[in-house]
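Asker: next input, structure requested:
(chains A, B and C)
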Amino acid sequence: MTKKKLLLILCGLSLPLQSMFAARLEVCPSCSYQTIHSALENASDGDQIIIKSGLYREGNIQVTKSVHLLGEGWPVLDGEGQTEILTITARHVLIEGLEIRNVGNSYIEDRAGIRLRNTRFCTIRNNRLVNTFFGIYLEHSADCVISGNEVLGEALEENSSGNAIHCWYCQRLTIRDNQVYRHRDGIYFEFVDNSQIFGNTSKDNLRYGLHFMFSNDDYYYENRFIQNGAGVAVMFSKCIDMDHNIFASNWGRASYGLLLKELTDTDIRNNSFRENTIGIYVEGCSRIDYHHNEFKQNGWALKMSGGCLDNHLQENNFIGNSFDLSTLASAGTENTFDNNYWSEYSGYDLDHNGEGDIPYLPMKLFNQIVQQTPEALILLRSLFIDLLNFSEKVSPVFTPENIRDLHPKMNPYTLNIRS
Amino acid sequence: MLKIFRFYFFDLIRSRWTVLYALFYLLLTSALLLLSPNLSKVIISLMNIVLFLVPLIASMLGIMYFYSSRDFIELLLAQPLRRSTIFFGQYLSIVGSLGLSLLLGIGIPFLLYGILSSAEIWNYLVLLGTGLMLTFIFSGIAFWIALKHENRIKGFGLMILCWLFFAVIYDGLFLLGLSWFNDYPLEKFALGASLFNPIDLSRILILLKLDIAALMGFTGAVFSKFLGSGLGMLISMASLLLWVGFPIWRIRAISLKKDF
Amino acid sequence: MKLLTLLPFTFFLLLTACSTEPRPIEYGNEACFSCKMTIVDPQHAAELVSDKGKVFVFDAIECMVEHYKKVPDQSFAHILVNDFHNPGAFLNATQASYLISPQLPSPMGANLQAFSNLDSATEMQSAKGGQVLNWASLLEK
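Answerer: Presented below is the predicted three-dimensional model:
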């Protein structure tokens, strides 16, 4: 037996030993500790604090030791609208099974239900946070896992609402299987790198379901973004890969499924964009591949504004959108649209190779007019506009020739997309 | 007057044109309802057709009918009847028969579909209401033109031009105006300009009721705020009613003076 | 007769063309003219009204300043920012005082807030730290 193996076995043995030595401190009205504060004072690193069901009104609780705070039977920690509730500054803290309620709104401070500050290796899982202004707030932290939490806000008005999961200057986070409802942003990343977000549902948030600012090398997949002000916004970031997400029903006058601004080097695949006012809005983005996505019944499937370079749309399905594309005339030389299926396409396929024999021009004249004069949208679906679009379709005069799909598919792709 | 209305009305109902018109709507609406499960989408498609066809048919049938029944009018004029009675009877009968065709053509399929218990009922009623209004307006204009111009070619030409103006040319000028004054705030201008065209106003009234209104951006928001308010409702209704009333007023004035 | 019918139309045109008043922002329903983000934060939102009356809305003061600098030839009837202490009340941006403090995040990452007077800006500065500016020095940044 080598030394290395021996060491491993010893380590393995020591794990249960450690938990045997770890004390179990119980908190309840009839337990040895009546308050979480007193239990924390008497705990040492590695201890478990079991909080039995009940209502705990203890104001702000600072967790400065590496302990596990475990709720049994959903104990309620109530901030009574006055303070932040849990503030964690120690490493290796686990918070599980707590219900955290009523953090007061504030214009000056970003109070949170659970705050992690300057810490690492913490886990926040299976908690319920209700009406907590900011739900879970991570700052200057790394290697933390936030999973299975329900964060329910009561943000009805835009002012005075916080984000459900807010991460600021963090590294290597895992955010998974959370439900975040009714906040300003569901999940917010600012200066957060090398992190993963998956399996979350973000719904009814006022602004964005998920929001990246100045964050790089993150990966989000298999999330659902439904009925938010806008589904996801990715801004001033690099390498944010996204796949198998659902962006649905983000419908309103200033709504998007996905908003990309100043993003580079990203792969967007197998996502579904359904019934959004604008499926994807792109501005100032370069080197982005969009493939195997589904755009169904959006107002605009894709809107591309200035400063876009090397955006490539290939093998996507565009089905039943009011408009497939709106972009600047110059966009065609710097970006490509190829091999997509467009339900609007009315060409033919004489050689039966599955590809239309004439190119598809996804940009309608009306969209070009609207770019110049947004107010012209009021003429939407008028006979004049229909005639205009039709005559352009028959013989394009104003429509930029270079924005076109040379190989439009006759039949939609079968895509691997979550339902 | 009732007698004259009844005579013309049943004459029209029996005529091939009105029956065809009703049948067309019946078939179209049923087909749309069968093909698309989404009521809101059906209403949008129908809207496109109604806003196109209703003014056109009302204009054409109105003017054709007046010219073809001229002999009979002259006969009636020899009778001890008030002139306004004769002309209103005729106007109401054509409006009534066209309106009924529209009502039955669009109404029956939706009733069978169960529109009454659907959330889209109000949107549907707006569609129906504006359709009827447009029938009133364009039949009225047709009558007015026909009364004014004895020359049939001229009458037809004017009517077609009139329809073309409201259906197409107006929006073209509207668009030109918008891009011309791009530097200015245009929401209110757009709002006002659409009040002057019954077809545009109808289209916007319907669109704003549907989800698709979100596509119209901030201008759409200004519109829905205005038209959603009591005053806006009043003004838009007043505008449509003025459009109904104006040709009637002209018909009356001309019919009293005209020498047959 | 024909001219008479045109009269209300022209009258109405004149009526609508000449207002340069600011209008309230519809929070949650409007997108920033510059960055396209939905405007939700009344503490930081800003507005420009051109001399011809066209209104531009922004989600943050930094977005407004960015656009303002982009169009040096355009003159504006109103340059407006929100008061940090009294969100919803517009201030004349050229008269306001500004604070850039890393402790006070703003929507587009400039940590920039506006105050109605220098005193409240310096007061907030002593609490949160940062740098106090006026309109002229803000434009230079």
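Asker: neighbours around the residue in the stretch 51-200 of chain B that chain A sits nearest to, how many?
Answerer: Nearest to chain A in the stretch 51-200 of chain B, going by CB to the nearest CB, is B:D171, at a distance of 3.5 Å. (C-beta placed from N, C-alpha, C; glycine too.) Here the count is done by other CB atoms under 10 Å in any protein chain shown, and B:D171 has 26 residues near it.
Asker: checking it next. Helix, strand or coil?
Answerer: Taking DSSP: H, G, I helix; E, B strand; the rest coil as the rule, one finds B:D171 in the helix state.
Asker: that one contacts A:L388, doesn't it?
Answerer: No - in this structure, B:D171 is not within contact of A:L388 by CB atoms under 8 Å, at 9.2 Å.
Asker: where do the helices of chain C begin and end?
Answerer: C:2-17, C:61-70, C:118-128, C:135-140 (DSSP state H).
Asker: need the residues of chain A near chain C, please.
Answerer: Taking CB under 8 Å from any CB of the partner chain as the contact definition, chain A meets chain C at A:107, A:110, A:157-159, A:161, A:184, A:190, A:206-208, A:213-214, A:229-230, A:233, A:235-236, A:252-256, A:259, A:261, A:281, A:283, A:305.
Asker: buried among those residues? Make that a PyMOL selection.
Answerer: Entered in PyMOL, the line below selects the buried ones among the residues of chain A next to chain C, by 16 or more other CB atoms under 10 Å in any protein chain shown:
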select buried, chain A and resi 110+158+159+161+184+190+206+207+208+213+214+229+230+233+235+236+252+253+254+255+256+259+261+281+283+305
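Asker: who are the contact partners of the residue of the stretch 51-200 of chain B closest to chain A?
Answerer: Taking CB atoms under 8 Å, 6 or more residues apart in numbering or on different chains, we find B:D171 in contact with A:L379, A:S382, A:L383, A:F384, A:I385, B:N197, B:D200.
Asker: among those residues, which are in helices?
Answerer: A:L383, A:F384, A:I385, B:D200.
Asker: closest to chain C out of those residues?
Answerer: B:D200 (13.7 Å).
Asker: mind checking how far that closest one is from A:F366?
Answerer: Separation of B:D200 from A:F366 (CB to CB, to the nearest Å): 16 Å.
Asker: that older thread, just the ones in helices among the contacts of B:D171 now: which is nearest B:L227?
Answerer: Using CB to CB, B:D200 is the member of those that lies nearest B:L227, at 12.4 Å.
Asker: burial of the one residue in chain A that gets nearest to chain B, as a residue count?
Answerer: Nearest residue of chain A to chain B: A:F384, at 3.5 Å (CB to the nearest CB). For A:F384, the neighbour count with other CB under 10 Å is 19.
Asker: ok, it touching B:F166?
Answerer: No - with contact defined as CB under 8 Å, A:F384 does not reach B:F166; the gap is 10.5 Å.
Asker: low pLDDT regions in the chain?
Answerer: All of this is about chain A. A:1-21, A:155-160 (pLDDT under 70).
Asker: should've been chain C
Answerer: C:1-19.
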